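> any chance you can model this:
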Amino acid sequence: MFLLSRLINIFQLHNPIVHLDSVTITSLETKGVNLTANVDLTFMFDTPYYNNMNASFSDLKVNVWWSGKENVTLAKTDLPPFALTAHNLTTIKSKVTMTGEFNNRTDVINQIVAERGNGSVKIGVSLFGLISLKDGVSEVMKFDFHPVAVKFPPGGKNGTWKYYVPRPIFIFNVL
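Just a heads-up that it's a prediction; the model follows:
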C-alpha cells in the first residue's frame with residue numbers, strides 16, 4: 001500500500017485547482033455605440049496536491065468575454081503576483097472595467113442588451129499566467145471558465161452569478 005501511494009504522488013499533476021466563484025456586473029450602461037460596466041470577479045485557488053511545496057503565481061492575466069455569435073473580449077486586467085503554501089485555499093478578487101472598447105460594434109452591444117432584457121448575459125472568463133513551485137519548476141497555466149449566466153432583474157443594470165457547491169441530501173430510511 002505504501003508503494004502504491006508513493007507512485008501516485010510521483011505522477012500527480014503540479015496544477016492548482018482554480019474555480020471561478022462569483023461574477024458581479026454593476027452599472028452596465030449602453031449609450032449609443034458605447035458599452036461600460038464594472039465587473040467584479042472572485043477566484044478560489046487551491047493547492048492540495050503539492051506535498052508541502054509552496055506555489056507562486058505571477059504574470060496573471062484575466063480576460064472577460066461575451067459569448068454571443070463570436071467570443072468577444074469585453075475587458076482585460078492583470079492580477080498581482082501571490083504565493084500559496086501547501087494545502088491552502090485562497091480567495092483572489094479582481095475588478096475589471098469595460099470602458100467603451102466597442103465603439104462602432106453596435107451588433108455586439110445590441111445583442112448584450114437583448115440578453116440582459118431576457119434576464120441574463122453570458123459572460124466567460126479566462127485566467128492565465130505562470131506557476132512556480134518551490135522546487136524551481138515553472139509551468140504556464142490557463143483556465144477557461146465557460147460562459148456563466150449573469151442574472152439581471154428586469155430593467156436592472158446590476159447582475160450576479162455565484163458558484164454554488166451542492167449540499168448533500170440525506171435520505172433517512174424511516175419504517
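
> sec struct for the residue lying closest to M141 once chain neighbours are set aside, please.
Spatial nearest neighbour of M141, chain neighbours left out: I131 (5.1 Å); criterion: C-beta to C-beta, 6 or more residues apart in numbering. All C-beta atoms are positioned from the backbone trio N, CA, C, and that covers glycine. Secondary structure assignment for I131 (DSSP: H, G, I helix; E, B strand; the rest coil): strand.

> so I131 makes contact with F45?
No: at 9.8 Å, I131 and F45 do not qualify as touching, with contact defined as C-beta atoms under 8 Å.

> quick check: neighbours shared by the two?
P16, F57 (C-beta atoms under 8 Å, 6 or more residues apart in numbering).

> so which residues of this structure form helices?
With DSSP state H applied, the chain shows helices at 2-10, 106-117, listed in chain order.

> just give me the lowest mean pLDDT stretch among those helices.
Lowest mean pLDDT of the helices of the chain: helix 2-10, a mean of 45.

> beta partners of T26?
N38 (DSSP bridges).

> that older thread, of I131 and F45, who's got more company?
It is I131, of I131 and F45, that has more neighbours when counted by other C-beta atoms under 10 Å, with 22 against 19.

> who does that one bridge with?
Bridge pairing for I131 - DSSP bridges - gives F57, E139.

> so how far is N63 from it?
The spacing between I131 and N63, counted by C-beta to C-beta, to the nearest Å, is 18 Å.

> okay, now the unreliable bits of this structure?
1-15, 48-52, 100-104, 134-135, 165-175 (pLDDT under 70).

> now do the strands in it.
17-31, 34-46, 55-67, 71-79, 82-84, 89-99, 120-133, 138-151, 159-162 (DSSP state E).

> tabulate those strands (CSV), appending distance to T106.
Shown next, in CSV, are the strands of the chain (distance: least, C-beta to C-beta, whole Å):
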stretch, distance to T106
strand 17-31, 10
strand 34-46, 10
strand 55-67, 14
strand 71-79, 13
strand 82-84, 39
strand 89-99, 16
strand 120-133, 16
strand 138-151, 21
strand 159-162, 21
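
> between those, which one is nearest to V113?
When the strands of the chain are compared by C-beta to C-beta, strand 17-31 sits nearest V113, at 5.4 Å.

> using CSV, list the CA coordinates for that closest one.
Written as CSV, here are the backbone C-alpha positions of strand 17-31 (Å, rounded to 0.1, in the frame of the first residue of the first chain):
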residue,chain,number,x,y,z
ILE,A,17,-7.3,23.8,-8.6
VAL,A,18,-8.9,27.0,-9.6
HIS,A,19,-12.5,27.9,-9.9
LEU,A,20,-14.5,31.0,-10.6
ASP,A,21,-16.5,31.7,-7.5
SER,A,22,-18.6,34.7,-8.5
VAL,A,23,-19.2,37.4,-11.2
THR,A,24,-20.9,40.7,-10.4
ILE,A,25,-21.6,43.2,-13.0
THR,A,26,-22.5,46.7,-11.9
SER,A,27,-23.6,49.8,-13.9
LEU,A,28,-24.0,48.1,-17.2
GLU,A,29,-24.6,51.1,-19.5
THR,A,30,-25.1,51.2,-23.2
LYS,A,31,-25.2,54.7,-24.7
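
> sounds good, over and out.
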